[in-house]
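> Here is a sequence with its predicted model. Questions after.
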Amino acid sequence: MKTPLLSIVIVALLLIPSIGTSREVVSRNEAPNVVVIFVDDLGYADIGPFGGQLVSTPNLDRMAREGRRFTNFHVSSAVCSASRAALITGCYHERVGFHGALGPSATTGLSSSEVTLGEICKQKGYATTCIGKWHLGHLPPFLPTQHGFDSYFGLPYSNDMWPNHPDVVAQRKQKPNYQEPYPPLPLIENTETIDAEVTGEDQTQLTTRYTERAVQFIRTNKDRPFLVYLPHSMVHVPLYVSDKFKGKSGKGLFGDVVMEVDWSVGQILDAIKECGIDDRTLVIFTSDNGPWLSYGEHAGSAGPFREGKGTAWDGGTRVPTIMRWPSVIPAGTTCDELVGTVDIMPTVAGLIHAELPSHTIDGRDIAPLMLGIEGSISPHETMPCYYANDELQGVRDRRWKLILPHTYRTLAGRSGGKDGVPVSYESKKIGLSLYDMQNDPGETSDVADQNPDVVARLQAAAEMWRADLGDSLTKRKGAGVRPHGTVENKQ
């Protein structure tokens, strides 16, 4: 008996994987709670799931076994404030007026006109909190509670922006008339300073205090939807660790600190499970940029990738990322597609049926990639590689990366510093270069001459990004750039 043609077509269609959206995921599952763990300066190869061998990271190993690793996941810029602006707004940092790392004297911050991950979740009645390093403006109008978060606890900027940084202390001893670069480091709760002078002993408790706050928030809000944004202060220098892990790694202070970050992840995963909300909680673990290599033994490793923090090479922008949502994200799987932190906000918006802002954003809903849907590819035709001072230093697509002429910092093969004191970088110039990231992820061999069509295509893409977001190297102003927030500093 012959099978009717219509039946064959129906069976064939049923066998084709559905390239679903986040909204389709939620139609089959309850909208998830969301936990975003954002570690500072953690290198790609600093943890077990991405080849790290320095210390054991059992909780992150567990998260990878139960979730999905993203091996080609990128930040917008390999420096603190710019990277955070991209994650929280779903926009490349250039679009929202961020270029580097804000300091204690800054009078700028995240504009009130931007829509944040916190505000996206508030649309749907989520309880929201930010716990840790904010670094998007320390003055009251810029703090998390003004940008969609019900509560905030943490440092307003990097933990090295204080008078007791080892490098500052060393220079103070060497120079009798040394001008202090930083005021005392504050600890803030909501909009109030609760500790005006954070000490080294206080810093040893930061990871523990952040973790305890996050766990308590999860337990308190287990019966309603919630968002936890946990941007850790560690493993940014100066490194501090609690007595629970001091000396426990056998691999120095950096190893101890990584162990404590791993412990923190375990505490959060355990709390979620104990509250009975494991299968309706999405946990995302990632880093704000690659390792700060000049700090040597107090810095991590970018593994096979070139350079580190502060550069447009993949050692600076490619970060270890794991996403876990039991029963929804396939366990023990890997995604190699080109995506990044700009995609987190729009993906969460889709998952919870929230409306995206009316203004332009750069991120895309990557639910199909998160779910491991066969045939899913990156939604990005190209991604720009910007760094400080509005420099467009490269453009990449799913396979190729075009490096544009610029000057970058490097140790040029030298070792980094010791005891928390960095060595100086060298400046090196690079001309127009093309790298095959599929076959040469370490960016070692320039293949521009062999691939003129690819070079021309990516140069055209670079022109598109210059027109939209600007480029100080070619003295272009971008038509799509929005201003950051500004207030008069009355402090």
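Yep, it's here.
> How is Val454 assigned, secondary-structure-wise?
Here Val454 takes the helix state, with states given by DSSP: H, G, I helix; E, B strand; the rest coil.
> partner residues bridging the residue lying closest to it once chain neighbours are set aside?
Once flanking residues are discounted, Val454 sits nearest to Trp400: 5.3 Å by Cβ to Cβ, 6 or more residues apart in numbering. No exception for glycine: its C-beta is placed from N, CA and C like everyone else's. On the basis of DSSP bridges, Trp400 is bridged to Asp436.
> Contact partners for Trp400?
Residues counted as contacts of Trp400 (Cβ atoms under 8 Å, 6 or more residues apart in numbering) are Leu434, Tyr435, Asp436, Met437, Asn451, Val454, Leu458.
> Quick check: it vs Ser77, distance?
Using Cβ to Cβ, to the nearest Å, Trp400 is found at 20 Å from Ser77.
> and what of Ser264?
25 Å.
> got a pLDDT number for the residue nearest to Val454?
Per-residue pLDDT puts Trp400 at 98.
> before we move on, what about the one 10 residues further on?
At Thr410 the predicted local confidence, pLDDT, stands at 98.
> Also Pro4?
At Pro4, pLDDT is 41.
> Mind exporting the C-alpha coordinates of stretch 435-451 to CSV?
Output of stretch 435-451 as CSV, limited to C-alpha atoms (Å, rounded to 0.1, in the frame of the first residue of the first chain):
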residue,chain,number,x,y,z
TYR,A,435,41.8,36.0,11.0
ASP,A,436,40.0,32.8,10.4
MET,A,437,38.4,32.3,13.8
GLN,A,438,37.1,28.9,12.9
ASN,A,439,40.6,27.5,12.2
ASP,A,440,42.8,30.0,14.0
PRO,A,441,41.0,31.1,17.2
GLY,A,442,44.2,32.4,18.7
GLU,A,443,44.5,35.1,15.9
THR,A,444,48.0,34.1,15.0
SER,A,445,48.0,34.1,11.1
ASP,A,446,46.9,37.1,9.0
VAL,A,447,45.0,35.7,6.0
ALA,A,448,43.9,39.0,4.5
ASP,A,449,45.8,38.6,1.2
GLN,A,450,44.2,35.2,0.6
ASN,A,451,40.7,36.4,1.2
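> Show me which residues of that stretch are buried.
The neighbour-count check on stretch 435-451 (16 or more other Cβ atoms under 10 Å) flags Tyr435, Asp436, Met437, Pro441, Glu443, Asp446, Ala448 as buried.
> In this structure, which helix is the longest?
Looking across the chain with DSSP state H, the single longest helix is helix 252-274.
> counting contacts, what elements does that helix pack onto?
strand 33-39, helix 58-65, helix 206-220, strand 281-287 (3 or more Cβ pairs under 8 Å, 6 or more residues apart in numbering; DSSP states H and E).
> what residue ranges in the stretch 301-450 of the chain are flagged as low confidence?
Across the stretch 301-450 of the chain, nothing is flagged by pLDDT under 70.
> where exactly do the helices run in it?
314-317, 344-351, 367-370 (DSSP state H, counting those that start in this stretch).
> With distance to Arg69 and mean neighbour count as added columns, please give the ones you listed in JSON lines.
Shown next, in JSON lines, are the helices of the stretch 301-450 of the chain (distance: least, Cβ to Cβ, whole Å; neighbours: other Cβ atoms under 10 Å):
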{"stretch": "helix 314-317", "distance to Arg69": "16", "mean neighbour count": "30"}
{"stretch": "helix 344-351", "distance to Arg69": "16", "mean neighbour count": "25"}
{"stretch": "helix 367-370", "distance to Arg69": "11", "mean neighbour count": "25"}
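> so which of the ones you listed gets nearest Ile277?
Go through the helices of the stretch 301-450 of the chain one by one with Cβ to Cβ and the one that ends up closest to Ile277 is helix 344-351, at 14.9 Å.
> Could you list the buried residues of stretch 118-137?
Result for stretch 118-137 [16+ other Cβ under 10 Å]: buried residues 118-122, 126-137.
> So which residue is smack in the middle of this structure?
Asp288 (3.4 Å; Cα atoms, centre = their mean).
> I'd like to know how far it sits from Thr474.
27 Å.
> go on, Gly51?
From Gly51 to Thr474 the distance is 37 Å (Cβ to Cβ).
> Return the closest of the contacts of Trp400 with respect to Tyr408.
Tyr435 (14.1 Å).
> hang on, isn't that closest one packed against Ser445?
Yes - the criterion here is Cβ atoms under 8 Å, and Tyr435 meets it with Ser445 at 7.1 Å.
> just to revisit the earlier point, pull the most distant pair out of the buried residues of stretch 435-451.
Pro441 and Ala448 (17.1 Å).
> Now do the contacts for Pro225.
By Cβ under 8 Å, 6+ apart, the contact set of Pro225 is Ala31, Pro32, Asn33, Cys121, Lys124, Gly125, Tyr126, Ala127, Ile352.
> Need the phi and psi values for the second one.
Note on Pro32: backbone dihedrals following degrees, to the nearest 10 are phi -80, psi 150.
> show me the contacts for it.
Here Pro32 is in contact with Pro225, Arg280, Thr281, Leu282, Trp325, Val328, Leu351, Ile352 (criterion: Cβ under 8 Å, 6+ apart).
> Just the pLDDT for Trp123.
Wrong residue type there; residue 123 is Gln, not Trp. Value for Gln123, per-residue pLDDT: 98.
> How about it: what's its closest non-neighbour residue?
Ala354 (4.4 Å).
> now Asp365
Leaving aside its sequence neighbours, Asp365 sits nearest to Gly350 (Cβ to Cβ, 6+ apart; 4.5 Å).
> I'd assumed Glu391 was in contact with Ser472.
Yes - Ser472 is in contact with Glu391 according to Cβ under 8 Å; the separation is 5.5 Å.
> Can you pick out the residue with more neighbours from the two?
Shown here are Ser472 and Glu391; by other Cβ atoms under 10 Å, Glu391 has more neighbours (21 against 14).
> With that, I have no additional questions.
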